[in-house]
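>>> Just need the structure, nothing else, for what follows:
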Amino acid sequence: MDFLKTWMPRLLIPALLAPALMGAKPAAKAKKPAPEQPAPIFVMSYNVENLFDTEHDEGKDDWTYLPAQRKKTDDHKKRCAETSSSKQRTSECESFDWNETELKTKLERIGKIVSSVNNGKCPDLLILVEVENLKVLERLRTEFLGACNYRPGILLEGSDRRGIDTAMLSRLERTGEPRLHPVDFVNSRRNGEKPQSRDILEASFKLPGGEVLTAFGIHFPAPYHPFLERIEAMETLNKVARKAAESAEVVIAGGDFNTNAKEDSRLYRAVAAKDWQISHLEGCRQCLGTHYFKKEESWSFLDSIMVWKGGKEHPNWKWAMDPESVALVKGFDFQTDAEGLPIAWENASGPGQSDHLPVTVQIKASAKALKKP
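As a prediction, this is how the structure comes out:
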């Protein structure tokens, strides 16, 4: 009897609770927190106009950009005569004193302009046009852009006769090896031969969330060359960008498209806009242009940043240009005159930096709409 009194309550309680427990619903699983939206990517494109060092690069026609003390020989005058396109260019080649003071001042001014954007944090990715070599690019990075915390620069020697190349600086981790794409001229001819042009620089970077951003740095044929050359350069860019979009979530192109106001609708709007968001077509409605042609008294958007409309699908985000972010960088007393026109470089003792204004954009990730089952 004592045994039953002790154990009976213990046996009955689970039996009484069993029906209630059998009808209870399982506890709901905790929802996974929504992924944190990535920070925007701040991009800047800047044609710095003839950023040469003070040494001669073998195989390049950089004779103008040497110190005056090295220009006193008959051999130098011969080089100038052979490589200059006019009497004015020949005179500049023979007499322009491109010395350490000139170079250092130009680098300082570039540094001030670049470090003024993105609330003083510098661009996440900087695309530069008209840089002679990796040596002068690294000097810019280490001596004048130290606060930007950029990784080693990217510049591959291309086929330009004068030696000016496109280059990139970024805080983003590089993935893969950069490479050059020659422009595929099919129908363009100069004196019956295919033209020479600056190659398209490609480099890929890893974003903080693991996505891949592929960037192209470009410098299309100058406006005095036939329009067909710029069209074929654009077609080459489209081809390599389409390939990059198979594996990169973000594909961009920046640089000097050399497309003036007369050609704007024929290249940017009629050809490029089918596949790209284009900075001055998306935003910057009050902006006049990045270069001013004094002879025609007109502005043109020679420079632009473009974002590919396609790209590898990301499960959570869609990357696109933020139209409100598009801007031109201007206003330094050495950079623009009283009318806001860019001042080309003349010498370190006076104002001047580049005959182009830099353009900046932010590329943002917006959450995709959830698909209904």
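>>> doesn't residue 128 fall inside a strand?
Yes: counting by DSSP: H, G, I helix; E, B strand; the rest coil, residue 128 is located in a strand.
>>> what about it, neighbour count?
The number of residues packed near residue 128 is 27, by other CB atoms under 10 Å. Glycine gets a C-beta too; all of them are placed from N, C-alpha and C.
>>> what does residue 37 give?
Quick note: residue 37 (other CB under 10 Å) scores 13 neighbours.
>>> same check, this time on the one 5 residues further on
Residue 42 is surrounded by 19 other residues when neighbours are defined as other CB under 10 Å.
>>> likewise residue 142?
Residue 142: 12 neighbours (other CB under 10 Å).
>>> That one should be in a helix, yeah?
Yes: assessed with three-state DSSP, residue 142 lies in a helix.
>>> And the nearest residue to residue 197 once chain neighbours are set aside, how far from residue 280?
With CB to CB, 6 or more residues apart in numbering as the criterion, residue 197 has its nearest non-adjacent residue at 4.6 Å, and that residue is residue 183. In this view, residue 183 and residue 280 are 23 Å apart by CB to CB, to the nearest Å.
>>> Have a look at those two and say which one is more surrounded.
The neighbour comparison of residue 183 against residue 280 (other CB under 10 Å) goes to residue 183, with 24 against 21.
>>> Show the pLDDT at that one.
Looking at residue 183, its pLDDT is 96.
>>> ok, back up a step: so the residue nearest to residue 197 touches residue 233, yeah?
Yes: Residue 183 is within contact range of residue 233, at 4.8 Å (criterion: CB atoms under 8 Å).
>>> shared neighbours of the two, anything?
Common neighbours of residue 183 and residue 233, using CB atoms under 8 Å, 6 or more residues apart in numbering, are 197, 200.
>>> how much space is there between the spatially most central residue of the chain and residue 82?
Centroid-nearest residue in the chain: residue 127, 3.5 Å away (criterion: CA atoms, centre = their mean). Between residue 127 and residue 82 the distance is 32 Å, computed by CB to CB.
>>> what's the answer for residue 270, then?
When distance is defined by CB to CB, residue 270 is 40 Å away from residue 82.
>>> Could you do residue 233 as well?
From residue 233 to residue 82 the distance is 27 Å (CB to CB).
>>> Looking at the two, which one has more neighbours?
More crowded of residue 233 and residue 82, by other CB under 10 Å: residue 233, with 25 against 11.
>>> Which helix or strand lies directly C-terminal to the one helix or strand the more buried one maps to?
Using DSSP states H and E, residue 233 sits within helix 227-244. Next along the chain after helix 227-244, taking DSSP H and E as the criterion, comes strand 250-256.
>>> That following strand pairs with which strands, and in what direction?
Strand 250-256 has its sheet partners listed here by DSSP bridges as strand 212-219 (parallel), strand 303-308 (antiparallel).
>>> Looking at these, spot the one closest to residue 169.
strand 212-219 (10.8 Å; CB to CB).
>>> Next, the angle helix 227-244 makes with the closest one.
170 degrees (axes from the mean of the first three to the mean of the last three CA atoms, to 10 degrees).
>>> mean confidence for strand 212-219?
Strand 212-219 comes out at a mean pLDDT of 98.
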